[in-house]
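Sequence first, predicted coordinates after that:
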Protein chains: 2
Amino acid sequence: MKRSSAEAESIIAGLTLPNVRSIMFSMSKIPDAELLDRLTEVFRTHGYEGASLSKISDATGLQRASLYHRFPGGKAEMAEAVLTRAGEWLEAHALKPLTESGPPEQRLSRMAEKLDEFYEGGRQSCLLDALSFGVGEGGIRDHQKVAMEAWVEAIATMLRESGLPPRIARERAEDAVIRIEGSLVMARASGDALPFRRTLRSLPQDLLRKPEGTQA
Amino acid sequence: MKRSSAEAESIIAGLTLPNVRSIMFSMSKIPDAELLDRLTEVFRTHGYEGASLSKISDATGLQRASLYHRFPGGKAEMAEAVLTRAGEWLEAHALKPLTESGPPEQRLSRMAEKLDEFYEGGRQSCLLDALSFGVGEGGIRDHQKVAMEAWVEAIATMLRESGLPPRIARERAEDAVIRIEGSLVMARASGDALPFRRTLRSLPQDLLRKPEGTQA
DNA sequence: ATATGTAGACCGAACGTTCGGTACAGGACA
DNA sequence: TGTCCTGTACCGAACGTTCGGTCTACATAT
């Protein structure tokens, strides 16, 4: 009772699952992009230590050995790959609009829009948060520092170019990231995503408001 | 060669290590308060899934089995105990000042002071963050929701009593917690505690500032 | 004063399971 | 054919948990 019949198999000859896979996905059971998506989800919800190979295997449909074929460096390499991909996505979608033309407020709104997408309206955690527990002194930690700094500095640059004093620009950029991260924590802990969306909505105006004590 | 001599034992009679322990610490190898402190540190640093019994055992000096003597419910009960204790501490030290007499700004400063102490200047994570990964639908999750709501509502109440409209008070209270949590995430990811301290410092004035569009 | 009983705190060892990681045989393509 | 990739089977170690038993303190009975 393992297979229905031999005919059934010959009829769809050349269309067996492995062949279909190889045509569509260049020989992989799961394409790189989707594999990374699944990995990202696991790391986001469980953190580094909580993301066991079993969970990863379940989420990706790949066996341990196959995962090690794709990521010879093991779990650490998977986490780094996920971090890299997330960074690239944010850079290309959320940060790039900041450097483009248009009113500053509109550019910030565009970023907020993309962040809302990336964090699925507050339902997903930030990798910089999730991967910051229990990982001590390694490539992952370094990666985080660089990513965090790049994010803050991208916003700060934009605010400076919009006329804000460098110090204020930097502080507000930090504050922006802080509020995004914080609202994600709150959303996760309280089970309510509303504070996250409200934070995103108010970001553009909050960041661009006039400094209070300008030139006394 | 099991004991040095009978005399040696009789001389320090009543002062053998176990006796000293029993007098000072009510018969426990480690008193409850300190045990919970150590537990808190492990959960804060590694999150729930990352806090293995081995790490906990190392941190507390108690063997696995002994930990189960103190917490029959196992790891979950340990996490809940830690959450309860942290909540009580915050309630008693950080939230209580909000209800006392004195200028509102001073009361908020007092809270910020205690939070700085609790989070060790930004070097420690928040349990609501650390324990929100990988724990699904249980007492821990419920505990978090309650704690988060209590925290926000304590600040909101205080802001309302200071004359802010209810809606604004609630939003700003959420914002306060968001910024605290977010700055802790940033501190952890970037390795720099400064944004956390700056956030704490600016909290009182930020929360009490006059609403912008008051009665047009 | 000595013996007995009870209760709590603790530990060593082991439970079955899962951990991250590896070796290898065979399938699918060139 | 040779090269890449996959899945099975497996490794030693660690996981959370439980068991049997020791040690100490204290109350009671003698």
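Here it is on my side, so go on. Values in this document were obtained by computation on a predicted structure and should not be read as measured data.

only C-alpha atoms for contact and neighbour calcs from this point on.
Fine.

Could I get the phi/psi values of residue A:210?
The phi/psi pair for residue A:210 (degrees, to the nearest 10) reads phi -70, psi 140.

So for it, what's the pLDDT?
Residue A:210 carries a pLDDT value of 88.

again with residue A:2
29.

With residue A:25 instead?
39.

what does residue A:131 give?
pLDDT, read off for residue A:131, is 95.

OK, contacts around it?
Residues in contact with residue A:131, defined by C-alpha atoms under 8 Å, 6 or more residues apart in numbering or on different chains, are A:43, A:44, A:47, A:48, A:140.

is the strand or helix carrying residue A:169 anywhere near chain B?
Here residue A:169, judged by DSSP states H and E, is contained in helix A:166-190. Yes: on the criterion C-alpha under 8 Å from any C-alpha of the partner chain, helix A:166-190 is in touch with chain B at A:174-175, A:177-183, A:185-186, A:188-190.

now these in CSV, with pLDDT and neighbour count?
Formatted as CSV, these follow (pLDDT from 0 to 100; neighbours: other C-alpha atoms under 10 Å in any protein chain shown):
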residue, pLDDT, neighbour count
A:174, 98, 23
A:175, 98, 24
A:177, 98, 21
A:178, 98, 26
A:179, 98, 27
A:180, 98, 28
A:181, 98, 27
A:182, 98, 31
A:183, 98, 31
A:185, 98, 29
A:186, 98, 31
A:188, 96, 24
A:189, 96, 26
A:190, 96, 21
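
how much space between residue A:154 and chain B?
15 Å (C-alpha to the nearest C-alpha, to the nearest Å).

OK, contacts around the nearest residue to that residue once chain neighbours are set aside?
In space, and not counting its chain neighbours, residue A:154 is closest to residue A:95: 6.7 Å by C-alpha to C-alpha, 6 or more residues apart in numbering or on different chains. With C-alpha under 8 Å, 6+ apart as the criterion, the residues that contact residue A:95 are A:111, A:151, A:154, A:155.

With residue A:45 instead?
Contacts of residue A:45 (C-alpha under 8 Å, 6+ apart): A:124, A:125, A:130, B:133, B:134.

one more time with 7 Å
A:125, B:133, B:134 (C-alpha atoms under 7 Å, 6 or more residues apart in numbering or on different chains).

out of those residues, who's near DNA strand C?
Near DNA strand C, judged by C-alpha under 7 Å from any atom of the strand, there are no entries from the contacts of residue A:45.

can I get these in a markdown table with distance to residue A:147?
What follows is those, written out as a markdown table (distance: C-alpha to C-alpha, whole Å):
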| residue | distance to residue A:147 |
| --- | --- |
| A:125 | 16 |
| B:133 | 21 |
| B:134 | 24 |
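
DNA strand D: which of those residues is nearest?
residue B:134 (12.2 Å; C-alpha to the nearest atom of the strand).

how deep is the residue lying closest to that closest one once chain neighbours are set aside tucked in, by neighbour count?
The shortest distance from residue B:134 to any non-neighbouring residue, by C-alpha to C-alpha, 6+ apart, is to residue A:46 (4.5 Å). For residue A:46, the tally of surrounding residues (other C-alpha atoms under 10 Å in any protein chain shown) stands at 23.

cool, residue A:125 as well?
25.

List the contacts of stretch A:177-196.
A:121-123, A:125, A:152, A:199, B:128-129, B:132, B:144-145, B:148, B:178-179, B:181-183, B:185-186.

What of stretch A:81-91?
A:36, A:39, A:40, A:147.

Would you reformat those as a markdown table and include secondary structure, distance to residue A:169 and pLDDT?
What follows is these, written out as a markdown table (DSSP: H, G, I helix; E, B strand; the rest coil; distance: C-alpha to C-alpha, whole Å; pLDDT from 0 to 100):
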| residue | secondary structure | distance to residue A:169 | pLDDT |
| --- | --- | --- | --- |
| A:36 | helix | 34 | 90 |
| A:39 | helix | 35 | 92 |
| A:40 | helix | 31 | 94 |
| A:147 | helix | 18 | 96 |
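
State the distance from the residue in chain A that chain B sits nearest to to residue B:113.
Closest to chain B within chain A is residue A:182: 3.5 Å, counting by C-alpha to the nearest C-alpha. According to C-alpha to C-alpha, to the nearest Å, residue A:182 stands 19 Å off from residue B:113.

Check residue A:138 too.
Residue A:138 is 33 Å from residue B:113, by C-alpha to C-alpha.

neighbour count winner among those two?
Higher neighbour count among residue A:138 and residue B:113: residue B:113, with 17 against 9, using other C-alpha under 10 Å.
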